[in-house]
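Undergrad: whatever this is, show me its structure:
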Amino acid sequence: MTRLARTRLCQTLLGAAVVVALSPPAQALDRFEIQVYDGSADPPGTPGIELHANTVPVGLRTSVPPELPPNHQTHLTLEPSLGLTPWWEIGGYLQSTIRADGGLDFAGVKLRSKFVRPSLAFDRFRLGVNLEVSAIPAAYERAQRRRRRGADPGLESPRREDDPRLPVKR
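TA: Numbers count the residues shown, from 1 in each chain. Alright, predicted model coming up:
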């Protein structure tokens, strides 16, 4: 490892440590959060579809009515998407839940619009923002938050295997 590479690694680790040390504790839970967005979008005219599944094997056993406690729930989310431009993708989430008693519920819908900055040959990071609107049944999100808007910024360092512009180290 060169001296410059060691210096950059130390700077990155120090920066990450400062961010973690200064960050307040997380105070929220989105039961259907399924991924961290990267800075890429589907190519123009290209549809995509993903199925996300997560489960809560041991979780909260009580909640404020009408919300259901997440203990033993399994969440299945269908995510269709469509690239409109190299920097814009639209999509949505169709959420469902298998409850602890085995019943299946519709758990809401979210529509999203993701914007990314086009990558450049010298980029070390990809940037993007995901804007969402949602309608969630009260059983899965308290009434005061059932219809909401949100923005999720994204910052990602591309892996060499994922970016054809970067030389692959062997």
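Undergrad: beta partners of the closest residue to Thr55 other than its chain neighbours?
TA: Spatial nearest neighbour of Thr55, excluding adjacent residues (Cβ to Cβ, 6 or more residues apart in numbering): Thr74 at 4.4 Å. In this view, the C-beta of every residue, glycine as well, is placed from N, C-alpha and C. Beta bridges link Thr74 to Thr55, Ile98, judged by DSSP bridges.
Undergrad: swap in Leu78?
TA: Assigned bridge partners for Leu78, using DSSP bridges, are Leu51, Leu94.
Undergrad: let me know whether it touches Ile49 as I believe.
TA: Yes - at 7.1 Å, Leu78 counts as touching Ile49 under the criterion of Cβ atoms under 8 Å.
Undergrad: among those two, which residue is more densely surrounded?
TA: The neighbour comparison of Leu78 against Ile49 (other Cβ atoms under 10 Å) goes to Leu78, with 13 against 10.
Undergrad: can you give me every residue that contacts the more buried one?
TA: Ile49, Glu50, Leu51, Tyr93, Leu94 (Cβ atoms under 8 Å, 6 or more residues apart in numbering).
Undergrad: from Thr97, how far out is it?
TA: Distance, Leu78 to Thr97, using Cβ to Cβ, to the nearest Å: 13 Å.
Undergrad: relative to the helix or strand harbouring Val109, what are the paired strands and their orientations?
TA: Following DSSP states H and E, one finds Val109 within strand 104-116. Strand 104-116 pairs in its sheet with strand 88-98 (antiparallel), strand 126-135 (antiparallel), by DSSP bridges.
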